[in-house]
Structures are given as structure tokens and as C-alpha cells.
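Participant: Provided below for reference: sequence and predicted model.
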Amino acid sequence: MEKVSAFSVYRSIKLVPGKKKKKSLSKTATKRLRDAVTFAASPERELDVPTYQEPKTKDTKKSKKSSKSPRKNETISPDKDENCSCSHSETELHTPSISPTKRAKKSKQKKAGGEKDVVGEKSRQSFESLIYPVTVKTFYNEVWEKKPLLLRRHNPHYHNGWFSCHDLDQILRQKVVKFTENLDVTSYRDGKRQTHNPEGRAHASNVWQFYEDGCSVRMLNPQVFSNDIWEKLSTLQEWFGCFTGANIYLTPPGSQGFAPHYDDIDAFILQLEGKKRWRLYAPRSEEEVLPLFSSGNFSQDEIGEAILDTWLEAGDCLYFPRGYIHQAITSEDTHSLHITVSANQKNTWGDYFKLLLPVALELALEENVEFRKSIPRDFMDFMGVVNSSQPSERREEFVEHVQRLFRGLVDSLPVDAACDQMAKRFVHDSLPPVLSKDEKSRTVSARGERWDPVSASVAGGAAFSLATEIRLLRKRCAWLLVENEKMHLYYSLENSRLYREEEAQYIEVEPQVVDAVEYLLQRFPKYVRVAELPGLEDEEERLSVVSALYDKGLIMTRT
């Protein structure tokens, strides 16, 4: 990887050991999720799929009367769809009547007098808009990873700015979209799911012919082609703290493109155009609650009775956790266009422990002689599956010794080192940030040397002094960690809009520079003067480090 001149070798970091817990997180989480599944599947109880509705907007063409808004804490009944095969319990709204915009203003008022993380505020506003009118607190306490949530907006323009069929047509005509890599055409007829992708470029005429023949169109990575989607997803990933992706689905009238299945992501279905009938099914077993991998295709007789059967119309949103089986079909009279915003893939405690335990074992082998002693020479006489049903004193001693060693392993877990690896994965997965015009004017993107056609020479240049005020570009755009006895600063500024198209990008940081880099990471979103950077000897070294970070696009100036 590239090595910036002011950066190089190793500085040891003391890892903070993890604390022992009386109850393991996995057991607590498993019990909670088991209860949720029992609640969902029990025929004696109604499944609580909350449906929040916006009051219908005034239609001046049809009626002069407007619907009344729900009063605070008023009980609102979910829609009773004609095709709904389940009963929905009424859900009482404890949601303040406040829009995301007003909520953002309150947030700004709280932070008055200090530096503002504008992008952080924007990411919260974006998420609030996604789940409005449900509050963030309510969503995470009562819905997230627990159960589906249906949001009826009665406003077909609510999701304007995301994507449209016209956008798809223009992308197919103006950009190189390839079948399989960027776009699929699929069908699901008579219980059989098929993909009809030819090879090569997906020309508009070819795609629309498939559509006319009853095939669904799925765009796999729309952020590569749509600046609007790129900007929205890069903002939401700051909120979720994990890769946030999207697929576009266009389905012709009277058609279904996919068989029933479940996914390994948490899904937010945003209905953009037309309408679509959605049916959700609870996880069939405890093993399918929050699964690590997506399922194959199910037949109709494998999935049981739907817990939610409803029509999504333009402006509506449906959230469901990974593991919920789903299928969707359009009506005979209109098409459907929706975008699925996805989060939380491979972002579990289990994924964290996959990184944590190997490192913990390596440390234990280095530091504890007990882990380096040989196992009993006759262990095959009393251990293994063949001996598992034969209790013996030797077997009990062996198991107790293993448990004792494991407890010693837990007492010194390198929890920060594993978090560093999760953060590194996030930075590598992330979309590159979308910069505003103002941000570009204060970064290497639009500031600095340029060609002046009048003088036919290079003009301008970014000049730094000890009084220059700088800060990190984004809260989550970079992460500092120890690898192979060296300090590496990973960053997402040079990532591709296509998932992991590029190798992970990092800078190797010299020992005398580490304190300055840590200071910038810790002080975000505050600006700091170049003179404040700790650990650097003189003005020349400070300006050299700042120039190196600036040239990589990692920092921006106040003016």
C-alpha cells in the first residue's frame, strides 16, 4: 500500500480487557427472540405488526374536506386490508407530532455554541424521515430486529428524489449497465423462479422488452449509477454504522419476480411508484431468527400462513428484520417500483466474536504457559463422540480443565482490537462520502493548484500555517489501528461506489505522528489549529503532516 512520507512504523497500544458478565448476551438475546417468534407463530395470540398512518392529505380536486390528524396518544387502528389473512392488534401511538425537520432544529438548539456535525445531523434526519412518524427511540426499543413495521403515508410523493422509472430508462440509455453484474431480469411463474439474463450490456430496448414479456427488473447496485441514491445511502451509513446498500425492483402489472425467501439483511421497502401486495411470514424456527445467510427459494406449502398481507402504495414504507420470509406481486392494473434499503449484513455479535476469539487465543498462547502444555496422551480413551455417553472421572477432569482455560481466555479478551477490525471492515465496505459544494471548496477536491488558461500556467495552491483550522472530513471516514506491529490509518475517500471494487486503502503512520492523528479523530467535529496538533516537534513537521492528510482528502479547512 501507499506510504506517505511523514508516516511509518509501530506504537504499542494497551488493549482494555473485557469484563465478565453473569449472563451471556447470546442467551439473553436468544430468549428474547424466541419469545418474539412464539408471539408471532402462536394461533392463540394476534401478531403485533404496528401500522402507523399519516393523515390523508387534502385533495382539492376531489373534496374540500381534509382528514383530521390523530391527537397525541390517540389509539390508531391499522388498515384492515381485504386480502389480509391475519388480525392486527391496535397499536397506540405515543409519537409526538413533530416532523424530522423540527426535530433537527431541536437538535441544533441543543448543540448551540459548539461545533456541529452537519453530516451526523443529516444522517439522523434521513433515518427519521425513513421511519416517520415513529420516533427513533420507539423504533429501536420496540421494532428493530424484533418485528415488521408498516408505515402508511397517504402521500405518493413522500419518497420523491429516490428513483423513478424515468431515471432507470435514462441510466440504461446513457451508462453502461451490464446484465448479472448490475441488473437482473427475473420471473416467478407456476412456482418456478427463473433468471433470464443474456450476456453483455443491458440496453434499454432489451430490458423494456423483457419487462413487456412479464419479467421483473432488478438493479443490483443503483448507487453506482444514481447520484441521488449514492448521496442518500452514504448519509444513512453514517447513521447505521455499517454498509448500507440498495436494490431497485420494477415489476410489470400482474406479475411476481421472486419466489418466497428470507434475506440476511434488515430491509426497508420504500414504495416509489404504483402498488404491490406484500405477504410476510414469521421465521419458521429459532434457527431462522436473524439468520446469518439468506435462504433459498421456498414453495408455497413450506411457508405457512402469512402474518401480514397488505398492499404498499407510493409513499408507504415496510420494515422487516432478516429472517422474515416474504413475497410480493403486483395488481393487474398497474406496475410497481420500489427500492429496498438494506443494513446490518454481517454486523452481528457473532461476526464480532469471529474476529475476537482468534486474537484472544493467539495472545493466550503467547502469554499463558497453560495453553502451551500438551493435552493428555490418552484423550481418545475417554473423549470424542464415541465416548460422549460414557461418563468417567477422566472425562470430567478434561472438561473442567477446558472450561478453566476458557475462563482465563475471557478475562483477557482484546475487545478493542476486535472492534478495530470491525471498524476496518466498515471503512472498507463504505461508500465514499458525497461532498457538498461548500465542502469541496475547503478540501483537496476543488481547492489548490489548477490550470489558469489566461496565464497558461498553474495557479492557486492550498497554503497552511500554524493558525489554519482543520478537522476530519467525516466522523466515520477513517480509522486508526495496529496491524503487524505497525499503525495503519484506513480511509474510505477512495472507495468505489461498487461494493469492494477496490482493495482497502490505508496510510502507514509513524510513531511521532500517531498522537496528532488520534487528536483529529477524537476532536471531531471540532476544528483545531495546526499549532494544537500534539506529538510533533516543530512547525515544519506539523505542516508536512497536515499537507499529507489534506492531499488524501481526509481533512478540510474551516474557510
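Facilitator: Thanks, I have it.
Participant: Please make it C-alpha for all contacts and neighbour counts, starting now.
Facilitator: Fine.
Participant: show me what contacts Arg284?
Facilitator: Arg284 is in contact with Ile303, counting by C-alpha atoms under 8 Å, 6 or more residues apart in numbering.
Participant: ok, it to Glu400 distance?
Facilitator: Distance check for Arg284 against Glu400: by C-alpha to C-alpha, to the nearest Å, it reads 36 Å.
Participant: ok so Tyr249 is a strand residue?
Facilitator: Yes. Counting by DSSP: H, G, I helix; E, B strand; the rest coil, Tyr249 is part of a strand.
Participant: any idea of the mean pLDDT in the longest strand along the chain?
Facilitator: Ranked by number of residues, the top strand in the chain under DSSP state E is strand 266-281. The average pLDDT within strand 266-281 is 98.
Participant: can you check stretch 481-498 too?
Facilitator: 96.
Participant: And for that stretch, what's in contact with it?
Facilitator: Applying C-alpha under 8 Å, 6+ apart, the set of residues contacting stretch 481-498 from outside is 8-13, 221, 223-224, 230, 417, 420, 424, 427-428, 430-433, 477-480, 501-502, 504-511, 514, 552-554.
Participant: for the longest strand of the chain, packing partners?
Facilitator: With contacts defined as 3 or more C-alpha pairs under 8 Å, 6 or more residues apart in numbering; DSSP states H and E, strand 266-281 has these neighbours: strand 308-313, strand 317-320, strand 325-329, strand 336-343.
Participant: Contacts for the shortest one next, please.
Facilitator: This means strand 317-320. 130-131, 145, 147-152, 266-271, 312.
Participant: rerun at 7 Å
Facilitator: Lys147, Pro148, Leu149, Leu150, Leu151, Arg152, Asp266, Ala267, Phe268, Ile269, Leu270, Gln271 (C-alpha atoms under 7 Å, 6 or more residues apart in numbering).
Participant: Same check on the last one?
Facilitator: Residues outside strand 336-343 that contact it (C-alpha under 7 Å, 6+ apart): 242-252, 265-276, 330.
Participant: hang on, the earlier thing: separate out the buried members of the contacts of stretch 481-498.
Facilitator: Buried members of these, scored by 16 or more other C-alpha atoms under 10 Å, are 8, 10, 221, 223-224, 230, 417, 420, 424, 427-428, 430-433, 477-480, 504-511, 514, 552-554.
Participant: so of the residues you listed, which ones are in helices?
Facilitator: Trp230, Ala417, Asp420, Lys424, Val427, His428, Pro511, Val514 (DSSP state H).
Participant: got a list of what the third one touches?
Facilitator: The neighbourhood of Asp420, defined by C-alpha under 7 Å, 6+ apart, consists of Leu481.
Participant: starting at the chain centroid, how far to the longest strand of the chain?
Facilitator: In terms of C-alpha atoms, centre = their mean, to the nearest Å, the centre of strand 266-281 is set 19 Å apart from its chain centre.
Participant: Could you tell me the angle between that strand and strand 325-329?
Facilitator: Going by axes from the mean of the first three to the mean of the last three C-alpha atoms, to 10 degrees, strand 266-281 is angled at 80 degrees with respect to strand 325-329.
Participant: Please save the CA atoms from strand 266-281 in CSV.
Facilitator: Extracted in CSV, the C-alpha atoms of strand 266-281 (Å, rounded to 0.1, in the frame of the first residue of the first chain):
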residue,chain,number,x,y,z
ASP,A,266,-32.7,-5.8,7.6
ALA,A,267,-34.9,-4.3,4.9
PHE,A,268,-36.7,-1.0,4.4
ILE,A,269,-39.1,-1.3,1.5
LEU,A,270,-39.9,2.2,0.0
GLN,A,271,-42.7,2.1,-2.5
LEU,A,272,-41.8,4.6,-5.2
GLU,A,273,-44.4,4.1,-7.9
GLY,A,274,-47.6,2.0,-8.3
LYS,A,275,-48.5,-0.5,-5.7
LYS,A,276,-47.6,-4.1,-4.7
ARG,A,277,-49.1,-6.8,-2.5
TRP,A,278,-46.7,-7.9,0.2
ARG,A,279,-47.0,-11.1,2.3
LEU,A,280,-44.7,-11.7,5.3
TYR,A,281,-44.2,-14.9,7.2
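Participant: in its sheet, what does it sit against?
Facilitator: On the basis of DSSP bridges, the sheet neighbours of strand 266-281 come out as strand 308-313 (antiparallel), strand 317-320 (antiparallel), strand 325-329 (antiparallel), strand 336-343 (antiparallel).
Participant: contacts for that strand?
Facilitator: Contact partners of strand 266-281, identified using C-alpha under 7 Å, 6+ apart, comprise 159, 303, 305-322, 324-331, 334-344.
Participant: same question, stretch 229-237
Facilitator: By C-alpha under 7 Å, 6+ apart, stretch 229-237 touches Ser123, Ser126, Phe127, Trp162, Pro222, Gln223, Phe243, Thr244, Gly245, Leu431, Pro433, Val434.
Participant: residue ranges with poor pLDDT in the protein?
Facilitator: Along the chain, the parts satisfying pLDDT under 70 run over 1-48, 54-114.
Participant: all helices of it, in order?
Facilitator: Here the chain has its helices, by DSSP H, at 25-41, 100-110, 118-131, 136-138, 165-174, 204-212, 227-240, 349-367, 393-411, 415-429, 437-441, 511-523, 539-551.
Participant: coming back round to it: with distance to Leu409 added, can I get the ones in helices among the buried ones among the contacts of stretch 481-498 in TSV?
Facilitator: Compiled in TSV, those are given as follows (distance: C-alpha to C-alpha, whole Å):
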residue	distance to Leu409
Trp230	43
Ala417	15
Asp420	19
Lys424	24
Val427	29
His428	29
Pro511	30
Val514	30
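Participant: out of those residues, what pair is the most spread apart?
Facilitator: Based on C-alpha to C-alpha, the longest span within these runs between Trp230 and Pro511 and measures 36.2 Å.
Participant: circling back: could you tell me which of the contacts of stretch 481-498 belong to strands?
Facilitator: Per DSSP E, those map to strands at Ala478, Trp479, Leu480, Gln505, Tyr506, Ile507, Glu508, Val509.
Participant: Nearest to Ser299 among those residues?
Facilitator: Of all these, Ser299 sits closest to Gln505, with 43.8 Å by C-alpha to C-alpha.
Participant: check contacts around the closest one.
Facilitator: With C-alpha under 7 Å, 6+ apart, Gln505 has these contacts: Tyr490, Tyr491.
Participant: Show me the beta-bridge partners of it.
Facilitator: On the basis of DSSP bridges, Gln505 is bridged to Tyr491.
Participant: that older thread, buried ones among the contacts of strand 336-343?
Facilitator: Buried residues within the contacts of strand 336-343, counting neighbours by 16+ other C-alpha under 10 Å: 242-252, 265-276, 330.
Participant: re the thing from before, quick one: closest of the helices of the chain to Val289.
Facilitator: helix 25-41 (7.0 Å).
Participant: Now do Pro433 against Phe225, distance only.
Facilitator: To Phe225, Pro433 is 15 Å away according to C-alpha to C-alpha.
Participant: what's the answer for Glu332, then?
Facilitator: Applying C-alpha to C-alpha, the value for Glu332 to Phe225 is 30 Å.
Participant: Counting neighbours around each, name which of the two comes out higher.
Facilitator: Between Glu332 and Phe225, counted using other C-alpha atoms under 10 Å, the more crowded position is Phe225 (21 against 10).
Participant: ok, now which ones touch the more buried one?
Facilitator: For Phe225, the contact set (C-alpha under 7 Å, 6+ apart) comprises Ile171.
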